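K.L.:
Got a sequence here, can you build the structure:
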Amino acid sequence: MKKLKYLFIFCLMFFSKTNWAQVNIPTDTAVTIKVFGACEMCKDRIENAAKGKGVKSAVWDIDSKLLSIVYNPLKTSLQKIENRIVAVGHDVENKKAKDVIYNALPKCCLYRNLDPAFIELHKKEDSVKQKIAEMHLSASLIKGVVLEDDYKGNFKPLVKASIVWLGTNQGTFTDSIGFFSIKMNGLNNKLLVSYTGYQPDTLNVTEPSELKIVLASNKQLKEITIVSKQRSTYVNTISTIRTQTLTGNELVKAACCNLSESFETNPSVDVSYNDAVTGSKQIQLLGLSGNYTQLTVENLPGPRGIATPLGLNSIAGPWIESIQLTKGIGSVANGYESIAGQINVELKKPENSEKILANLYINDFGKTDINLNLASKLSKKWWAALLLHDDFFTNKKLDFNKDGFRDLPTGNTLSLINRYKFDNGKGVMMQFGFKFLDEKRTGGEVDFNAATDKNTTNNYGLGINTKRYEGFAKIGYVFQQKKYKSIGLQLAGINHNQNSFFGLTTYNAKQQTIYANLIYQSIISTTIHKFRVGVSFVYDKYDEAFNAYNFKRTEIVPGVFGEYTFTPNEKISAIAGLRVDNNNLSGAFVTPRLNVRYQPFNNTTIRLSAGRGQRTANIFAENISSFISARQFYILPSNNKNAYGLSPEIAWNKGISIDQKFKLFNNDALLSMDYFRNDFVNQVVVDIENARAVKFYNLQGKSFSNSFQAEFTFEPIKKFEIRLAYRYFDVKNTYGEKLLQRPLISKNRAFANLAYAVNGFKFDYTITYNGKKRLPDTQENIPIYQLAQYSPNVVLMNAQVSKNFGKKHLVDFYIGAENITNYFQKDVILASTQPFGQYFDASMVWGPISGRMLYTGLRFKIK
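P.N.:
Predicted structure coming up:
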């Protein structure tokens, strides 16, 4: 038989039009098939059955039910391997073991009654079309079907069609209804599709997609249709915790110079200036300030503590691969500080990033951003990347409202990340690197000169100089014979220094942080029951000098946590988590959290969440806007042992969300609604209801937030996406003895984003409506410096047009405008002519502080 096979190959080379020297005799082939089982005994039985003649290796994963095989096609065939597996009692995708053999298996191996994937697979499919519609979008998978078009125009699935990344052994076969899925390949984007009797063809696939591949009756590949592409923003329907992912395609819809500008096309997150002078921004989620949102970078601590006010500006936009946004409480494995939600930023990885990405941005205000990302494969097991960012702004005369103050501070920000990755292909993986930030800002009056005016009353000015050093590492091991089992260690060390002055006020701060998190995960008997356990350690040392006062503290928080995931079938899943931590200042505390997902019908997903969050307030760094005012600071301590004498903030968050997918205009559409409520057990109240003072004290009464949002995304025509949203907030705090609406929060917000792509052009337009906001009481001021009770409604519009050129060396040119209507707050600074007087206040910001801004830029990529 072997000689006949070689004779066939020789004849093929001789009579083919193809150059015979280019035809290769088949070598080892690597494929992955699904085999059903339940336990370790199943694993041994399956692998032993598969390892027959011609099979070099066979490894079965209990968690995914996938059997990875390397075999010589000249010595055996996939059909023979499958027959051997079925003969010992284990079903494969298109073959079922005899009942008498299956029933003779040990009790622990009777997978048909346990495995939800088996039950789901053997439900009768209505059609191939239904199969495609039910495919879940994945961040790293190509999915699709291969069909045959007969003479009558009917489609029939092709079973065992080969799908392989060109030049590799990474491949798969279509199943009994022609369906396949294959992971994206980081080395190339050439996907080879072949079937016996048909001429193979190579597809150029550059991003996760769903494909329909049709082979014509004349044995030629007829057409390839992209059924659906991953949206620029999506929610993973099978995840128990509702997490919205903003991909790189979403981030380039706007200039996105840094993280603070990454949410301009997202209706869930508000980003606004803290004040009219420093240029610092804050986010708002669920009606609460960004202090209550846990910000992480690749699940390691992001800017927090002293870095809070300027942290969003410190992460460059071109560095970001994606952003994961979770409303409400998240996993206990990520810590206890999340109250309103979590924002996790994934940076560009050395193993799958462009070799070179250069970005140049400039706007008509005079700001310039330069970014350079470099990535390289050092060896078979090592990768490295260097991410560089530099921005500078020198325009001291930017003053739209002519109040004598610069709308934005001048200065320079230089930052970099140098990172490395190691993967030995045998389960050991490691990432490590370091980050550096050096930022200098100078603001205040247009005529302010730091050399002559600092610490005087000549002209009002401010200066903020920040240096930050950070090292990080992730070390993990996946057990090769039990890939559901893994252990990982996360480490980070941070040193943050800030020296600043605001008029005659000085604020100098230092923060040193050590973070460690060890996580072990596995299953209990089957993948229906999964668990994670771990230990964590957080060390924070603060040294703050505010004028003549010095505030020092060291917080040490060791903790343990456990998390159990229950997945009885594809429709129901739940995650129950509990962690216990001990803060050396405030004592021990317990953090329970629960997330539940239920899918009553196809394309309908309901999620519930509830849990507790706790954090220590950093009252100076988190309220830096009050420094740019004549307000007096008052701290009313309740417990002298804690930070600033104030008890930690504690809140309970409850939420429900519904996601409904359906077809509209023959395209995918998504309607999402969510409601969340936060109830504070304790809160550090920032009371600015007296125009002469800002008071910090622990809550004496009620404090809560209610948030409702509805979002509708659809495509009226191909490549034209419309996203509409409405959001309602009801946020109240007890100030003194009065329960009031929290100031500077808009109750009503409406949002629309239109995105259209054609012939390499991308058009994006965003409009937002922000309803009126309650303003703090200013009755203590003289009439000329008193504000109205509410701000006016604000409508803002942004737009961008981009065009890409080239294939291998891709160039993107973009041009855009922000605040198109040129609307800005004219009275943004109270008593701006008397900056050292008793009525001066630059913190009453409810709208844009500058007018229309035009920008342009260029991105250059080498993949």
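
K.L.:
my read: T505 touches F627, true?
P.N.:
Yes - counting by Cβ atoms under 8 Å, T505 touches F627, with 5.3 Å between them. Just so you know, the C-beta spots here come from the backbone N, C-alpha and C atoms, and that holds for glycine as well.

K.L.:
more crowded one of these two?
P.N.:
F627 (25 against 16; other Cβ atoms under 10 Å).

K.L.:
for the more buried one, phi and psi?
P.N.:
Main-chain dihedrals, F627, degrees, to the nearest 10: phi -70, psi -30.

K.L.:
Relative to A788, how far out is it?
P.N.:
Relative to A788, F627 is positioned 25 Å away (Cβ to Cβ, to the nearest Å).

K.L.:
Then L300?
P.N.:
Counting by Cβ to Cβ, the gap from L300 to A788 is 44 Å.

K.L.:
same check, this time on N344
P.N.:
Distance, N344 to A788, using Cβ to Cβ: 39 Å.

K.L.:
Can you pick out the residue with more neighbours from those two?
P.N.:
Taking other Cβ under 10 Å, N344 and A788 do not tie; N344 has more neighbours (21 against 10).

K.L.:
what helices or strands is the helix or strand where the more buried one lies leaning on?
P.N.:
Here N344 sits within strand 341-347, counting by DSSP states H and E. For strand 341-347, the packing partners by 3 or more Cβ pairs under 8 Å, 6 or more residues apart in numbering; DSSP states H and E come out as strand 281-285, strand 293-297, strand 320-327.

K.L.:
Need those in CSV (columns: mean neighbour count and mean pLDDT).
P.N.:
Formatted as CSV, the helices and strands packed on strand 341-347 follow (neighbours: other Cβ atoms under 10 Å; pLDDT from 0 to 100):
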stretch, mean neighbour count, mean pLDDT
strand 281-285, 22, 88
strand 293-297, 23, 94
strand 320-327, 20, 93
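
K.L.:
N459 is nearest to which of these?
P.N.:
strand 281-285 (25.0 Å; Cβ to Cβ).

K.L.:
packing partners for the closest one?
P.N.:
By 3+ Cβ pairs under 8 Å, 6+ apart, strand 281-285 packs against strand 270-273, strand 341-347.

K.L.:
Of the ones you listed, which is nearest I635?
P.N.:
I635 lies closest to strand 270-273 among those, at 25.4 Å (Cβ to Cβ).

K.L.:
Tell me the gap between that closest one and the middle of its chain.
P.N.:
Relative to the chain's own centre, strand 270-273 is displaced by 19 Å; criterion: Cα atoms, centre = their mean, to the nearest Å.

K.L.:
Direction included, what does it pair up with?
P.N.:
strand 281-285 (antiparallel) (DSSP bridges).

K.L.:
Quick check: can you name the pairing partners of the very next helix or strand once past the strand it pairs with and their directions?
P.N.:
Counting by DSSP H and E, the next helix or strand C-terminal to strand 281-285 is strand 288-289. As defined by DSSP bridges, the strand partners of strand 288-289 come to strand 281-285 (antiparallel).

K.L.:
what pairs with R774 across the strands?
P.N.:
Bridge pairing for R774 - DSSP bridges - gives Y790.

K.L.:
what about F393, distance to V794?
P.N.:
25 Å.

K.L.:
can I assume V538 is in contact with N583?
P.N.:
No - using Cβ under 8 Å, V538 is not in contact with N583, being 9.1 Å away.

K.L.:
shared neighbours, these two?
P.N.:
By Cβ atoms under 8 Å, 6 or more residues apart in numbering, V538 and N583 have these common neighbours: E555, I556, V557.

K.L.:
Which one of the helices and strands packed on strand 281-285 lies nearest to I356?
P.N.:
Nearest to I356, of all those, is strand 341-347, at 16.4 Å by Cβ to Cβ.

K.L.:
Next one, pLDDT for the nearest residue to I177 once chain neighbours are set aside please.
P.N.:
Of all residues not flanking I177 in the chain, P157 sits nearest, at 4.8 Å (Cβ to Cβ, 6 or more residues apart in numbering). With respect to pLDDT, P157 has a value of 77.

K.L.:
Next: A725.
P.N.:
98.

K.L.:
hang on, it packs against A750?
P.N.:
Yes - if you go by Cβ under 8 Å, A725 and A750 touch, sitting 7.1 Å apart.

K.L.:
which one of these two has more residues nearby?
P.N.:
Set A725 next to A750 and count neighbours by other Cβ under 10 Å: A725 wins out with 19 against 15.

K.L.:
helix/strand/coil for that one?
P.N.:
Secondary structure state of A725, per DSSP: H, G, I helix; E, B strand; the rest coil, is strand.

K.L.:
Can you pull the poorly scored residue ranges out of this protein?
P.N.:
Along the chain, the parts satisfying pLDDT under 70 run over 1-27, 113-140, 149-155, 167, 169, 186-188, 196-201, 215-230, 808.

K.L.:
related to what we said a few turns ago, burial count for the residue nearest to I177?
P.N.:
Neighbourhood size, P157 [other Cβ under 10 Å]: 17.

K.L.:
which residues does it bridge with?
P.N.:
Beta bridges link P157 to L147 when assigned by DSSP bridges.

K.L.:
isn't it right up against F180?
P.N.:
No - here P157 lies out of contact with F180, judged by Cβ under 8 Å, at a distance of 10.5 Å.

K.L.:
quick one: common contacting residues for those two?
P.N.:
Common neighbours of P157 and F180 (Cβ under 8 Å, 6+ apart) are V145, V146, T174.

K.L.:
which of those residues tops the neighbour count?
P.N.:
Neighbour counts for those peak at V146, which has 27 neighbours (criterion: other Cβ under 10 Å).

K.L.:
Contact partners for the closest residue to that residue other than its chain neighbours?
P.N.:
Nearest non-adjacent residue to V146, counting by Cβ to Cβ, 6+ apart: A161, 4.3 Å away. Contacts for A161 (Cβ under 8 Å, 6+ apart) come out as V146, F173, T174, G178, F180, V193, S194, Y195.

K.L.:
related to what we said a few turns ago, the helices and strands packed on strand 281-285: which one's closest to N690?
P.N.:
strand 270-273 (22.7 Å).

K.L.:
send the alpha carbons of that closest one over as CSV?
P.N.:
The C-alpha trace of strand 270-273 is given here as CSV (Å, rounded to 0.1, in the frame of the first residue of the first chain):
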residue,chain,number,x,y,z
ASP,A,270,-17.9,59.8,31.2
VAL,A,271,-14.6,61.7,31.0
SER,A,272,-14.4,65.3,32.2
TYR,A,273,-11.8,67.8,33.4
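
K.L.:
Kind regards, and thank you for your time.
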